[in-house]
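Visitor: My questions concern the predicted model and sequence given below.
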Amino acid sequence: MSEAAKPKREPKSNRGDWVTYRPEIKVLDCTVRDGGLMNNHRFDDGFVKAVYDACVAAGIDYMELGYKAAKKLFAPTDYGAWKYCDEDAVRRIVGENPTELKLTAMADAERTDYHTDILPCEDSILDVIRVATYVHQIPTAIDMIKDAHDKGYETTVNLMAISAVQERELDVAIAALADTPVGTIYLVDSWGSLYGEQVQALMRKYLAMAEPLGKQVGIHAHNNQELAYANTITAIVEGANRLDATIDGMGRGAGNCPMELLLGFLHNPKFHLRPVIECLQKQVRPLRQSMNWGFQVPYMLTGQLNQHPRAAMKFLDAEDNDDFLAFYDDIIEEE
């Protein structure tokens, strides 16, 4: 058959294939930042160094160390170092970070003295500032993004609690954020309430609004209904290229998408699972008893009811924390 007569092959789509390897996908570990919500960020240096070393050895792209919280709002006597991610604290762990791993901290809208506490990137060991915002805080978040961008940082934004936002309001919020210098916009299932079909529809919305402006789209999933991993896969299939996960799923309440599951799914030879499993076994899993994250019935119920998990966290911290029926009756009455 002549070259001219051969049927032309259609270009292979990078979405929805069974082969999940896409080199453009980047993975962020938020074990220390999200896990810190369960112990007021009081991790010792040895733990943070172990997670850092695991991320480096595993080939993970980003590591989130904690928050850049305002000390006038959050007294240092009440929290550990990773609530603030001061330069000296971070450098105690990473030195000059002579690795390819990029370091990041989260800056909450209206809870960060970002003009002063976030240094110019050239003076910081951090590479990325992740702004977190609710819809009503968008004007502040936009200013924070611009501030971090002008200081030389890579920037991302987590738009939180979207399961409680009206569609028109969400559209306006995404459009406003996409019109900033932000590099990545994250779909965040803050309350672990979203199902696969909702993630699919939302991811298509985010991509349609962000991609034409040169933005990446990511996902940060919570595991209240044991769907964090499945919802992350759905987002990947739709085209998400920025993925959050934590070792052993460590995180607030029901926790997050487990890193060990995600790396296995991605089939990217640059990622190495053994360092993650070692850190899980030696460092993370021993904290489960004291920190008590992961799927439990009360978290499932708040997820199903599209509620913040604070009620479940309060219930599980109480002495009578095995009367799930009483908890169910209480939160149903509040609906």
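Guide: Perfect, I can see it now.

Visitor: give me the low-pLDDT residue ranges for the stretch 1-150 of the chain?
Guide: 1-20 (pLDDT under 70).

Visitor: mind redoing it with 80?
Guide: 1-21 (pLDDT under 80).

Visitor: mind listing the strands for the protein?
Guide: Secondary structure of the chain (DSSP state E): strands at 26-29, 62-67, 102-108, 128-133, 154-159, 184-189, 216-221, 242-245.

Visitor: Let me have those in TSV, extended by distance to D329 and mean neighbour count.
Guide: For every residue, glycine as well, the C-beta is placed using N, CA and C. Formatted as TSV, the strands of the chain follow (distance: least, Cβ to Cβ, whole Å; neighbours: other Cβ atoms under 10 Å):
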stretch	distance to D329	mean neighbour count
strand 26-29	38	23
strand 62-67	35	26
strand 102-108	34	23
strand 128-133	33	26
strand 154-159	33	24
strand 184-189	26	25
strand 216-221	28	26
strand 242-245	34	27
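
Visitor: can I see the domain layout of this structure?
Guide: 26-290, 296-334 (automatic domain parsing).

Visitor: Would you mind finding the most buried of these?
Guide: Mean neighbour count (mean count of other Cβ atoms under 10 Å) peaks for domain 26-290 among the domains of the chain, with a mean of 20.

Visitor: I figured I236 hits I25, correct?
Guide: Yes. In this structure, I236 is within contact of I25 by Cβ atoms under 8 Å, at 7.1 Å.

Visitor: Find the residues that touch each one of the two.
Guide: The contact sets of I236 and I25 overlap at 243, 266 (Cβ atoms under 8 Å, 6 or more residues apart in numbering).

Visitor: With distance to N268 as added columns, please give the strands of the chain in a markdown table.
Guide: Shown next, in a markdown table, are the strands of the chain (distance: least, Cβ to Cβ, whole Å):
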| stretch | distance to N268 |
| --- | --- |
| strand 26-29 | 9 |
| strand 62-67 | 15 |
| strand 102-108 | 17 |
| strand 128-133 | 20 |
| strand 154-159 | 20 |
| strand 184-189 | 18 |
| strand 216-221 | 16 |
| strand 242-245 | 11 |
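
Visitor: just so I know, which of the ones you listed lies nearest K282?
Guide: Across the strands of the chain, the minimum distance to K282, taken as Cβ to Cβ, is reached by strand 26-29, at 16.1 Å.

Visitor: quick one: contacts of that closest one?
Guide: Residues outside strand 26-29 that contact it (Cβ under 8 Å, 6+ apart): 51, 55, 60-64, 104, 218, 241-247, 259, 262-263, 266, 271.

Visitor: swap the cut-off to 6 Å and go again
Guide: Contacts with strand 26-29, where a contact means Cβ atoms under 6 Å, 6 or more residues apart in numbering, come from 55, 60-63, 242-244.

Visitor: hey, where'd the helices end up in the stretch 51-200 of the chain?
Guide: Remark: helices assigned in the stretch 51-200 of the chain by DSSP state H, counting those that start in this stretch are 87-94, 114-117, 138-150, 167-178, 196-210.

Visitor: next one: the stretch 201-335 of the chain
Guide: Using DSSP H, counting those that start in this stretch, the helices of the stretch 201-335 of the chain run over 228-238, 259-266, 274-279, 288-291, 297-304, 310-317, 324-334.

Visitor: gap between the first one and the chain center?
Guide: Using Cα atoms, centre = their mean, to the nearest Å, the distance from the centre of helix 228-238 to the centre of the chain it belongs to is 13 Å.

Visitor: For it, the averaged confidence score.
Guide: Here helix 228-238 scores 97 as its mean pLDDT.

Visitor: same thing with the fourth one?
Guide: Here helix 288-291 scores 90 as its mean pLDDT.

Visitor: Off-centre distance for it?
Guide: Taking Cα atoms, centre = their mean, the mean C-alpha location of helix 288-291 is offset from the chain mean by 21 Å.

Visitor: So what touches it?
Guide: Residues outside helix 288-291 that contact it (Cβ under 6 Å, 6+ apart): 38-39.

Visitor: Next, work out how far apart G80 and S124 are.
Guide: 20 Å (Cβ to Cβ, to the nearest Å).

Visitor: Then V188?
Guide: 25 Å.

Visitor: Could you do Y62 as well?
Guide: Applying Cβ to Cβ, the value for Y62 to S124 is 15 Å.

Visitor: How about Y206?
Guide: As defined by Cβ to Cβ, Y206 lies at a distance of 29 Å from S124.

Visitor: same question, G196
Guide: Separation of G196 from S124 (Cβ to Cβ): 38 Å.

Visitor: again with V131
Guide: Distance check for V131 against S124: by Cβ to Cβ, it reads 16 Å.

Visitor: Could you do A326 as well?
Guide: Distance, A326 to S124, using Cβ to Cβ: 48 Å.

Visitor: How about R285?
Guide: R285 sits 32 Å away from S124, taking Cβ to Cβ as the criterion.

Visitor: Export stretch 33-46 to PDB, keeping only CA atoms.
Guide: Provided in PDB are the C-alpha atoms of stretch 33-46 (Å, rounded to 0.1, in the frame of the first residue of the first chain):
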ATOM      1  CA  ARG A  33      -0.600  20.800  55.800                       C
ATOM      2  CA  ASP A  34      -3.900  18.900  55.800                       C
ATOM      3  CA  GLY A  35      -2.800  16.400  58.500                       C
ATOM      4  CA  GLY A  36      -1.900  19.400  60.700                       C
ATOM      5  CA  LEU A  37      -5.600  20.300  60.900                       C
ATOM      6  CA  MET A  38      -5.900  17.300  63.200                       C
ATOM      7  CA  ASN A  39      -3.200  18.300  65.700                       C
ATOM      8  CA  ASN A  40      -3.000  22.100  65.400                       C
ATOM      9  CA  HIS A  41       0.100  21.700  63.200                       C
ATOM     10  CA  ARG A  42       2.200  20.300  66.100                       C
ATOM     11  CA  PHE A  43       4.400  17.900  64.100                       C
ATOM     12  CA  ASP A  44       7.900  17.500  65.200                       C
ATOM     13  CA  ASP A  45      10.800  18.200  62.800                       C
ATOM     14  CA  GLY A  46      11.500  14.500  62.500                       C
END
